[in-house]
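Q: I need the structure of the sequence given here:
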Amino acid sequence: MPLLFLMRLQQVQLPVRVANPEEIRHVSVLLATGLIEAEIRASEPTGRYAASSVATVTRITEDGLAEIAKMGDLPKFVKTSMRFARGLRLM
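A: Below is the predicted model:
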């Protein structure tokens with residue numbers, strides 16, 4: 001979920017580079033809605049394979065911080081329901 005990803009972004013030092021395709025989709029949604037400032041670009045192609053994307057998140061906007069503050073009122077079970085598969089990179 002993009003909003004859970006937004007909450008994770010608040011916990012890391014920005015700017016942060018994101019290369020996971022699912023996380024790049026989250027960055028795209030958050031950027032389009034004005035909750036973050038970021039740059040998404042294609043990385044250099046290697047051989048016959050298509051170029052993958054890399055996103056750099058530079059900051060969370062005031063609207064993004066307000067959205068995080070609203071999410072702080074969610075029930076506790078929602079905040080702790082996120083689990084990660086073994087070996088999944090958090091950022």
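Q: so what's residue 2 up against?
A: By C-beta atoms under 8 Å, 6 or more residues apart in numbering, residue 2 lies in contact with 25, 26, 29, 30. All C-beta atoms are positioned from the backbone trio N, CA, C, and that covers glycine.
Q: rerun that using 7 Å as the cut-off
A: Applying C-beta atoms under 7 Å, 6 or more residues apart in numbering, we find residue 2 in contact with 26, 29, 30.
Q: what's the answer for residue 14, then?
A: Contacts of residue 14 (C-beta under 7 Å, 6+ apart): 57, 58, 59.
Q: who does the first one form a beta bridge with?
A: Think residue 57. Applying DSSP bridges to residue 57 gives these bridge partners: residue 16, residue 38.
Q: can you count the residues close to it?
A: 25 (other C-beta atoms under 10 Å).
Q: that one contacts residue 27, correct?
A: Yes. Counting by C-beta atoms under 7 Å, residue 57 touches residue 27, with 6.1 Å between them.
Q: looking at the contacts of residue 2, which is nearest residue 67?
A: Nearest to residue 67 out of those is residue 30 (C-beta to C-beta; 9.2 Å).
Q: excluding residues flanking it in the chain, which one is nearest the closest one?
A: Once flanking residues are discounted, residue 30 sits nearest to residue 36: 4.5 Å by C-beta to C-beta, 6 or more residues apart in numbering.
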